[in-house]
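**Q** can't give you the sequence, but here's the structure:
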DNA sequence: AGCTTCCGCGCAACCGATTGCACAAGCCAC
DNA sequence: GTGGCTTGTGCAATCGGTTGCGCGGAAGCT
C-alpha cells in the first residue's frame, strides 16, 4: 500500500475538471447567486467526483474566522466536566463549529499552554471551565470578548483585581446549598457538618461553603462545622470518615457527589450507617448518586445545559462583537434516601432494625 | 469598550519592530542556526513585546502538517469514554498536538460530519472510538494511514469487506470475560446469565458475549443465558431485573459497569439481594463500581492508557508514513463483594440475616 | 441600430507564515 | 587585489481558498 495514494485534491483540481476558474468553483460551491445553474452543477459534480474537501486552514486564513471553539477544563474523566464537555461539543457541532478540548489538570503551566494553543489556532471563542489561572492571565492571552468563564474561581477573579461582570456562566450553587440546608433543617437536623476541599481551590467551593454557613446560621443560629479534605478533595475520604465517626454530626453536606460517595463508602467501612447514624447530602446529581445505596440527596446540576449555554454565549457575543453577558443556571434539589426525617430530636445511633424499617425492607 | 483593541499582531509587525525581514524574523523565532545572536535577540524581544502568537492556520498551510489530532467518540459524558478522551488529550498535549473532539452519539450522520470536519481541518491523525460507521465509510474520507480504530465494532469491520489488520487498538475484553467466568465458576456458580446490548451494537459486546459463551460451555458444559437490553442498553434495567427475578440465575454478568449498577439498583427495587440472591459482575472498572454496595466484581480497563496509546500509535505511524500497527491492551479482573463464594450448590433465596452476616455487619 | 443594464465569470490580490535560493559582507589566503 | 568561503539576510514563491473589481456578451429598451 503506497503512501498518500493521490495528492490531496484542491480547489484547482475541481476547477480544472469543471472547466472553470478557481474563483467560479469557489463561488459555485458556496451557492453564490451570481453563478449560473449549469456551471454550479458541473462544479458540484467535479467536487463530488474528486472527493474534494476544502482546507479549513486556507479558508479561515482569508476569512479571519475559524469556526473553532476552545474549551479548557480540568479533567475530562470527571463526570461533571464530562457532561459540560458533551453539551459544549454538541451545541458547537450543531452550529458547525469544531471544538478544541484541552485539560488543565490544575496545572497552571498546562492551562497557559492550552490558552496559547487556542490563540495560535485563532479559536473564535474560548470557554474556560474551572481553571486555576487568574482571569488577568487569561485576558493577557485571549481577547476578553471571546472568553466565557464557566463556574469560575471567584477568589481568583477577585485577586485578578478586575472581576469581569460579564462573560461569566455559572450555576446557582448558592440556591442549591440553601435548598439543601433548608431541607435538612425541615427534616429535623441541626448539627450539620460540611465537607469540602480547602479554601482557594475553587469558586464553587467558596460559594457553597458560604451559602451553607449563612443559611444554617440563619435557620438554627448555629455555626456549621467544616472538614477540609484538601485541594485534591475526595482522596482521603477514610480519614474524614474517622473524624466524623469520632464526633458524629447529625448530617453531613458534601462539596460534591464524588466526595459524598467516597465518604459514604468510607463511612460504611467505619461502621457508620447512612442514613441511620448520619444523614448525607451531595451536590451535582451525577448518575452514581442516583443509584447508590442509599440514594443520595443531592442537587441536580444541568451540566450538559451549562456546556450548551457556554457555546451560545460565545457565539452570540462573537457575532455581535461584544463581551458575552453573564448568566446563571438554576439547579434543583433532589431528595434521596440519605436524608430521611430525623426520628427524634435526640437520638442514639440508629440500629440496623430502624434502618431496615426506614428502607421498607423489614419483615 | 471598543472592539478588537489592536489588530492581531502578525509576523510582519515583529519584523518591522526588530528591523529585519519577515524571513529572518521567522527563522529567529525557531532558532535557525543561520541567524546571528544579536538578530535573534532583537526579534525575540520584539515578539515578546508585541505579544506575538503565530497563526497556526498559516503555518500549517505551508507546512502541510497541522499538529492537530481528531478524536471521534460516542459520548463524552460516559465515564469510560471520558477516560479515553482524557488520556488522549493528555498524551497529545504532551507531544504538542491539539485535539479536536467530536461525539457521534450513535448517529451515523453526525459521525460522518465529524470525520469530514477532521479532514477539513487536515488533522494529522484521527482516532475513531466505537463508532457506528463502517470502516469503509471512514476510509472513504480519511486516509487509512492516519486512522486508528479504538475498540472497533468488529461486525461492522467485517461487513466493510476488508477488515484492516492494522490500525486497531483494543483492550483484551475476551481475556477479561474469560477471567470473570472462571472466577464465577471457581466460586461455585453454574447457572450464569449474560446481560448486554443486542448484537450489532458494537464489537465489545460481540466479543464479550462470545467469550462468555465459549468459556462457560467449556468449563461447565452449559449454555449461557442471554438477556438483551437493546442497543440503547441500560435504560430498561428494571424490566431486565423483573425478568431475572422470575427465573433467577445464580450469577449475572453484565456487558459493562454502567449496566451492572443500573441492574443492581433495579434488582434492589425488585427485592432481589445482591449477592445474597444473585451474584453480579460488571466490566470496565468505573469508579462507581468500586464504591457501590456491594462493591462490584468487575474488570478494570485502563481506559486512560487506551487514550494515550491511541495517540502514540497515530503519531508513530504518521511520522513513519505507514499504517499504524495494531495493539491489544490487557485488562485485570477485580474481585469485589458481588460474587462471593456460593454457600451451597443448592440454595434458597438468601435472607437478610445471611446477607448481613456475609457483609460482616451482623450484631 | 445603438445604448444601457444585467448576468456570469475570471484576474489578481490577499490572508500569514515558511523556505529555496541568491546575494552581500567579512575574512582568509594566495 | 582578487578569488574562495563562511555567515547572515532578504526576495519572492508557496500553501489553498476567498473576494473586490472589472470585463465581455446577451438581453432589454428606445
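**A** Received it, and whenever you're ready, just let me know what you need. Just so it is clear, the structure is predicted and the values come from calculations on it, not from any experiment. Residues are numbered from 1 along each chain as shown, chains lettered A, B, ... in the order given.
**Q** leaving out sequence neighbours, find the closest residue to the residue of the stretch 101-250 of chain A at minimum distance from DNA strand D.
**A** Closest approach between the stretch 101-250 of chain A and DNA strand D, counting by Cβ to the nearest atom of the strand: residue A:122, at 13.2 Å. (Each C-beta comes from the backbone N, C-alpha and C, glycine too.) Nearest residue to residue A:122, sequence neighbours excluded (Cβ to Cβ, 6 or more residues apart in numbering or on different chains): residue A:66, at 5.0 Å.
**Q** pretty sure that neighbour sits in a strand.
**A** No. Counting by DSSP: H, G, I helix; E, B strand; the rest coil, residue A:66 is not found in a strand; it is coil.
**Q** is it true that it touches residue A:121?
**A** Yes. Here residue A:66 reaches residue A:121: they are 6.6 Å apart, a contact under Cβ atoms under 8 Å.
**Q** what sits in contact with each of these two?
**A** Residues touching both residue A:66 and residue A:121 (Cβ atoms under 8 Å, 6 or more residues apart in numbering or on different chains) are residue B:57.
**Q** and DNA strand D, is the one helix or strand residue A:48 maps to touching that?
**A** Using DSSP states H and E, residue A:48 sits in helix A:37-50. No. Using Cβ under 7 Å from any atom of the strand, helix A:37-50 stays clear of DNA strand D, with a minimum separation of 10.1 Å.
**Q** and residue A:66 and residue A:121? Which one has more around it.
**A** residue A:121 (26 against 23; other Cβ atoms under 10 Å in any protein chain shown).
**Q** quick check: closest non-adjacent residue to the more buried one.
**A** Nearest non-adjacent residue to residue A:121 (Cβ to Cβ, 6+ apart): residue B:56, at 4.6 Å.
**Q** next one: stretch A:13-32 to chain centre, how far?
**A** Averaging C-alpha positions (Cα atoms, centre = their mean, to the nearest Å) puts stretch A:13-32 43 Å from its chain's average.
**Q** next, the buried residues of that stretch.
**A** Burial within stretch A:13-32, assessed by neighbour count using 16 or more other Cβ atoms under 10 Å in any protein chain shown, is assigned to A:13-15, A:17-18, A:20, A:24-29.
**Q** tell me which of those fall in helices.
**A** Among those, the members found in helices (DSSP state H) are A:13-15, A:17-18, A:24-29.
**Q** same for chain B: which of those are within range?
**A** Near chain B, judged by Cβ under 8 Å from any Cβ of the partner chain, there are no entries from those.
**Q** same list (those) but as JSON lines, adding distance to residue B:250.
**A** Output for these, formatted as JSON lines (distance: Cβ to Cβ, whole Å):
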{"residue": "A:13", "distance to residue B:250": "65"}
{"residue": "A:14", "distance to residue B:250": "64"}
{"residue": "A:15", "distance to residue B:250": "69"}
{"residue": "A:17", "distance to residue B:250": "67"}
{"residue": "A:18", "distance to residue B:250": "68"}
{"residue": "A:24", "distance to residue B:250": "72"}
{"residue": "A:25", "distance to residue B:250": "68"}
{"residue": "A:26", "distance to residue B:250": "67"}
{"residue": "A:27", "distance to residue B:250": "70"}
{"residue": "A:28", "distance to residue B:250": "67"}
{"residue": "A:29", "distance to residue B:250": "63"}
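**Q** near DNA strand D too, which of the residues you listed?
**A** Within those, those near DNA strand D by Cβ under 7 Å from any atom of the strand are A:26-27, A:29.
**Q** gap between the residue lying closest to residue A:106 once chain neighbours are set aside and residue A:147?
**A** Counting by Cβ to Cβ, 6+ apart, residue A:132 is the residue found nearest to residue A:106 once chain neighbours are left out, at 5.6 Å. As judged by Cβ to Cβ, to the nearest Å, residue A:132 and residue A:147 stand 16 Å apart.
**Q** when those two are compared, which one has more neighbours?
**A** Using other Cβ under 10 Å, the more surrounded residue of residue A:132 and residue A:147 is residue A:147, with 27 against 19.
**Q** follow-up on the earlier one: which of the ones next to DNA strand D among the ones in helices among the buried residues of stretch A:13-32 lies closest to DNA strand D?
**A** residue A:26 (3.7 Å).
**Q** for the closest residue to that closest one other than its chain neighbours, phi and psi?
**A** Leaving aside its sequence neighbours, residue A:26 sits nearest to residue A:11 (Cβ to Cβ, 6+ apart; 6.1 Å). Residue A:11 adopts backbone torsions of phi -60, psi -40, taken as degrees, to the nearest 10.
**Q** shouldn't residue A:11 be in contact with residue A:22?
**A** Yes. The criterion here is Cβ under 8 Å, and residue A:11 meets it with residue A:22 at 5.3 Å.
**Q** which parts of chain A are strands?
**A** With DSSP state E as the criterion, chain A has strands at A:68-73, A:98-103, A:125-129, A:147-150, A:168-171, A:192-196, A:225-228, A:251-254, A:279-281, A:298-300, A:327-329, A:332-334.
**Q** can you lay out those strands as a markdown table showing distance to chain B?
**A** Formatted as a markdown table, these follow (distance: least, Cβ to the nearest Cβ, whole Å):
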| stretch | distance to chain B |
| --- | --- |
| strand A:68-73 | 8 |
| strand A:98-103 | 5 |
| strand A:125-129 | 13 |
| strand A:147-150 | 14 |
| strand A:168-171 | 16 |
| strand A:192-196 | 16 |
| strand A:225-228 | 19 |
| strand A:251-254 | 13 |
| strand A:279-281 | 13 |
| strand A:298-300 | 14 |
| strand A:327-329 | 17 |
| strand A:332-334 | 15 |
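**Q** between the ones you listed, which has the poorest mean confidence score?
**A** Mean pLDDT is lowest for strand A:225-228 among the strands of chain A, at a mean of 82.
**Q** and the ones next to DNA strand D among the ones in helices among the buried residues of stretch A:13-32 as CSV, adding distance to DNA strand C?
**A** CSV is the format used below for those (distance: Cβ to the nearest atom of the strand, whole Å):
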residue, distance to DNA strand C
A:26, 8
A:27, 7
A:29, 12
